[in-house]
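*Asks:* sharing a model prediction with you, sequence too.
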Amino acid sequence: MVSHFFFALTLLGMLAVFISMASGIFFMTKDTEKGSQNSNKMMRWRVYLQGLTLLFFVLAILTQ
């Protein structure tokens with residue numbers, strides 16, 4: 001039961017990583033200073049979310 005919870009969090013994390021990566025790429029196409037700042041911020045969020053998603057994945061495996 002607990003592993004299903006962590007698996008669901010893993011899937012939500014993967015979706016969040018995809019959205020932050022797509023947003024970062026979108027802002028990267030903007031050729032302005034603000035676009036560059038937003039792109040860097042979204043790519044930093046992507047790294048944080050990837051780490052969190054990896055943690056959820058490991059917890060899902062360990063609780064099976």
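*Replies:* Alright, I've got the coordinates.

*Asks:* make it CA atoms for all contacts and neighbour counts henceforth
*Replies:* Fine.

*Asks:* so what's residue 4 up against?
*Replies:* residue 60 (C-alpha atoms under 8 Å, 6 or more residues apart in numbering).

*Asks:* can you name the next helix or strand after the helix or strand harbouring it?
*Replies:* Counting by DSSP states H and E, the element that carries residue 4 is helix 2-29. Once helix 2-29 ends, the next helix or strand along the chain (criterion: DSSP H and E) is helix 33-62.

*Asks:* about what we covered before: next, the angle from the helix holding residue 4 to helix 33-62.
*Replies:* Interaxial angle, helix 2-29 versus helix 33-62 (axes from the mean of the first three to the mean of the last three C-alpha atoms, to 10 degrees): 160 degrees.

*Asks:* tell me which residues of helix 2-29 are tucked away?
*Replies:* Residues 3, 6-7, 9-10, 13-14, 16-17, 20-25, 27-28 are the ones in helix 2-29 that count as buried (16 or more other C-alpha atoms under 10 Å).

*Asks:* quick one: the nearest residue to residue 5 once chain neighbours are set aside from residue 30, how far?
*Replies:* Distances taken as C-alpha to C-alpha, 6 or more residues apart in numbering place residue 60 nearest to residue 5, at 7.7 Å, with adjacent residues excluded. From residue 60 across to residue 30, the span is 38 Å (C-alpha to C-alpha, to the nearest Å).

*Asks:* tell me which of these two has more neighbours.
*Replies:* residue 60 (20 against 13; other C-alpha atoms under 10 Å).

*Asks:* ok, back up a step: now the helix holding residue 4, how far from the chain's geometric center?
*Replies:* How far helix 2-29 lies from its chain's middle: 4 Å, per C-alpha atoms, centre = their mean, to the nearest Å.

*Asks:* let me see the contact set for the spatially most central residue of the chain.
*Replies:* Closest to where the C-alpha atoms of the chain average out (C-alpha atoms, centre = their mean) is residue 17, at 2.3 Å. Each residue near residue 17 by C-alpha under 8 Å, 6+ apart is listed here: 46, 49, 50.

*Asks:* now it: how far from residue 2?
*Replies:* Counting by C-alpha to C-alpha, the gap from residue 17 to residue 2 is 23 Å.
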